[in-house]
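> 3D, please:
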Amino acid sequence: MEIIISKNKEELGAKAAEQGAKLINEAIARNGEANVIVATGASQFEMLNELVKQDVNWSKVTAFHLDEYIDLPVTHPASFRKYLKERFVDKVKIKEFHYVNGENDPQKECDRLGEIIKGHPIDVAFIGIGENSHLAFNDPPADFDVEDPYIVVELDEACKKQQMGEGWFTTINDVPKRAISMSIKQIMKSKNIICSVPDERKAWAVQQAVKGEVTNKIPASILQTHPHTWLFLDEGSASKL
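Okay, here's the model as predicted:
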């Protein structure tokens with residue numbers, strides 16, 4: 001794992017986007033196309049803002065959505081489909097973007113996306129780490145062994161508090177109880193991982209993920225075992241290292 005510490009989240013976003021674009025371009029040069037994973041949440045604001053400005057032939061890129069709430073309308077301010085459409089998909093001429101539709105039957109949606117992603121080896125995964133150290137919506141204790149690319153998960157209290165604290169929901173009771181999430185094993189199959197983690201509120205999770213033992217109680221600790229992971233931090237999120 002390579003750790004890059006920036007002064008602020010804007011610099012973090014620029015560096016993460018630059019490295020991600022470089023890896024996408026290398027995949028296109030090698031294979032004629034690239035497959036990527038795109039995450040959401042407050043941690044990705046600056047990175048996505050810079051990524052859409054990079055010199056990438058997006059017409060050769062297929063992208064997959066990392067996770068989405070179950071039964072949340074696409075019109076809701078917290079909808080990750082809405083987030084990605086506005087911040088990413090509408091700003092680049094991408095070949096194909098596979099959204100997670102949480103308004104479909106959850107298991108059928110997992111099966112549908114699972115079949116598609118099996119034919120698209122991921123070159124670059126853009127992800128973050130939650131305050132409770134989750135990867136995607138794999139809250140602790142995360143299932144490190146499930147083979148299915150997408151799974152239905154229950155959100156824990158810490159995760160729901162983070163979503164409320166970031167301003168996506170008014171009260172904790174407004175946060176959906178379940179979500180569709182890419183599994184840990186599927187994330188770890190990515191050839192390269194760009195992990196953007198700004199803000200001091202993530203410092204504990206970063207410390208545990210980097211310095212602690214690899215355990216499903218700290219889902220992000222699994223990144224220690226991935227050979228090509230770049231962890232982009234700002235001074236706040238790196239403050240406990």
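
> quick one: residue 52 and residue 201, what's the gap?
26 Å (C-beta to C-beta, to the nearest Å). No exception for glycine: its C-beta is placed from N, CA and C like everyone else's.

> the two: which is more packed in?
residue 52 (17 against 14; other C-beta atoms under 10 Å).

> tell me the confidence at the more buried one?
For residue 52, the pLDDT comes out at 97.

> how about residue 38?
97.

> likewise residue 213?
Reported pLDDT for residue 213: 96.

> which ones are touching the residue nearest to it when sequence neighbours are not counted?
Leaving out its chain neighbours, the residue that sits closest to residue 213 by C-beta to C-beta, 6 or more residues apart in numbering is residue 221, at 6.8 Å. Going by C-beta atoms under 8 Å, 6 or more residues apart in numbering, residue 221 touches 133, 208-209, 212-215.

> same thing but at 7 Å, please
The contact partners of residue 221, by C-beta atoms under 7 Å, 6 or more residues apart in numbering, come to 208-209, 212-215.

> beyond the helix or strand of the chain with the lowest mean pLDDT, next helix or strand please.
The weakest-scoring helix or strand in the chain, judged by mean pLDDT, DSSP states H and E, is helix 157-165 (a mean of 85). Next helix or strand after helix 157-165 toward the C-terminus (DSSP states H and E): strand 178-182.

> so how far is whatever helix or strand comes next after that next one off the chain centroid?
Where DSSP H and E defines the elements, the next helix or strand beyond strand 178-182 is helix 184-188. From the chain centre to the centre of helix 184-188 is a distance of 11 Å (C-alpha atoms, centre = their mean, to the nearest Å).

> ok, back up a step: what packs against the least confident helix or strand of the chain?
When contacts are defined as 3 or more C-beta pairs under 7 Å, 6 or more residues apart in numbering; DSSP states H and E, helix 157-165 packs onto no helix or strand at all.

> just to revisit the earlier point, tell me the one of the contacts of residue 221 nearest residue 96?
residue 209 (31.3 Å; C-beta to C-beta).

> which one is the closest one nearest to, not counting chain neighbours?
Nearest non-adjacent residue to residue 209 (C-beta to C-beta, 6+ apart): residue 220, at 3.7 Å.

> let me see the ranges of the helices in the chain.
Taking DSSP state H, the helices of the chain run over residues 9-31, 45-51, 80-87, 106-118, 157-165, 184-188, 203-211.

> before we move on, the earlier item: how far is the least confident helix or strand of the chain from where the chain is centred?
The answer for helix 157-165 is 16 Å, by C-alpha atoms, centre = their mean.

> and the angle from that helix to helix 203-211?
130 degrees (axes from the mean of the first three to the mean of the last three C-alpha atoms, to 10 degrees).

> in the sheet, who's paired with residue 124?
Beta-bridge partners recorded for residue 124 (DSSP bridges): residue 36, residue 192.

> pretty sure it contacts residue 194?
Yes: here residue 124 reaches residue 194: they are 6.3 Å apart, a contact under C-beta atoms under 7 Å.

> and the two? Which one has more around it.
residue 194 (29 against 25).

> which one is the more buried one nearest to, not counting chain neighbours?
That would be residue 20: by C-beta to C-beta, 6+ apart, it lies 4.5 Å from residue 194.
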